[in-house]
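Enquirer: Coordinates for the following, if possible.
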Amino acid sequence: ILGFVRRRRRLCDRVRARRVRAGAEMKGVSAIPAVAIIPSPLFLWRVKVILFLLWGLCCCKIGWDSVMRMSVDLRDLFLYEAFLYYNPLLLVALMIWLWGVNLWVFAQSSVNYAKVFDLSQTHLSHREIWRCATWLTLVVPTSMTAYLYLYSHGEVSLAASQPVFFCMLSF
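Expert: Next comes the predicted model:
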């Protein structure tokens with residue numbers, strides 16, 4: 001292992017020296033080998049935000065097209081059914097987000113909530129709770145979009161089974 005580390009270090013030193021010689025007049029050239037370059041957390045966060053916005057735009061577009069495809073009478077019945085199916089799921093997602101906020105407030109105020117509530121040391125942190133809430137927040141509107149699409153295209157029995165299928169998968 002030491003021989004590999006030494007060879008790797010010599011290779012990196014040679015690459016740095018070659019870059020310095022070749023690009024001494026160029027400003028801003030990094031001397032870090034290409035193997036060691038990884039994307040920054042800020043860049044990854046921006047990619048996640050762009051993907052989230054793209055996902056939201058797709059869900060809104062499919063949902064809007066599906067609702068506008070129906071007649072006015074059918075639209076009222078449909079929106080009532082969608083409210084009945086998905087209102088509890090959205091409330092559960094909101095509850096999990098607020099649970100994470102509650103744990104975050106405890107962590108910021110340096111209150112040892114694990115000791116207050118007599119929890120074991122393997123309890124979830126606010127970040128883990130928010131990660132679960134994020135996935136639930138993504139899956140519920142995706143399921144709702146599938147419900148809208150199936151209902152508007154005449155597959156009422158498949159649309160009615162969509163929330164049940166979602167509940168079986170998520171819980």
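
Enquirer: okay, now Thr145: neighbour count?
Expert: 19 (other C-beta atoms under 10 Å). Using the backbone N, CA and C atoms, a C-beta is placed for each residue, glycine as well.

Enquirer: Might one say that it is in contact with Lys61?
Expert: No. Thr145 is not in contact with Lys61 according to C-beta atoms under 8 Å; the separation is 9.3 Å.

Enquirer: Could you point out the helix or strand that follows the helix or strand of the chain with the lowest mean pLDDT?
Expert: Counting by mean pLDDT, DSSP states H and E, the chain has its least confident helix or strand at helix 2-22, which shows a mean of 67. Next along the chain after helix 2-22, taking DSSP states H and E as the criterion, comes helix 41-69.

Enquirer: List the buried residues of that next one.
Expert: Residues 59, 62-63, 66-67 are the ones in helix 41-69 that count as buried (16 or more other C-beta atoms under 10 Å).

Enquirer: Point out where this structure drops to low pLDDT.
Expert: 1-5, 8, 17-36, 167, 169-171 (pLDDT under 70).

Enquirer: Which helix in it has the most residues?
Expert: The longest helix of the chain (DSSP state H) is helix 72-108.

Enquirer: If you count neighbours, what's buried in that one?
Expert: Neighbour count says helix 72-108 has 78, 81-82, 85-86, 89, 92-93, 96-97, 99-100, 103, 106 buried, by 16+ other C-beta under 10 Å.

Enquirer: I'd like the residues you listed as CSV, with distance to Asn112 appended.
Expert: Output for the buried residues of helix 72-108, formatted as CSV (distance: C-beta to C-beta, whole Å):
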residue, distance to Asn112
Phe78, 49
Glu81, 46
Ala82, 43
Tyr85, 40
Tyr86, 37
Leu89, 33
Val92, 28
Ala93, 28
Ile96, 22
Trp97, 23
Trp99, 17
Gly100, 18
Leu103, 12
Phe106, 8
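
Enquirer: nearest to Arg127, of those?
Expert: Gly100 (7.9 Å; C-beta to C-beta).

Enquirer: tally of neighbours for Leu138?
Expert: Using other C-beta under 10 Å, the number of residues around Leu138 comes to 15.

Enquirer: what comes up buried for the helix or strand containing it?
Expert: Using DSSP H and E, Leu138 maps to helix 126-152. By neighbour count on 16+ other C-beta under 10 Å, the buried set for helix 126-152 is 126, 129-130, 132-134, 136-137, 140-141, 143-152.
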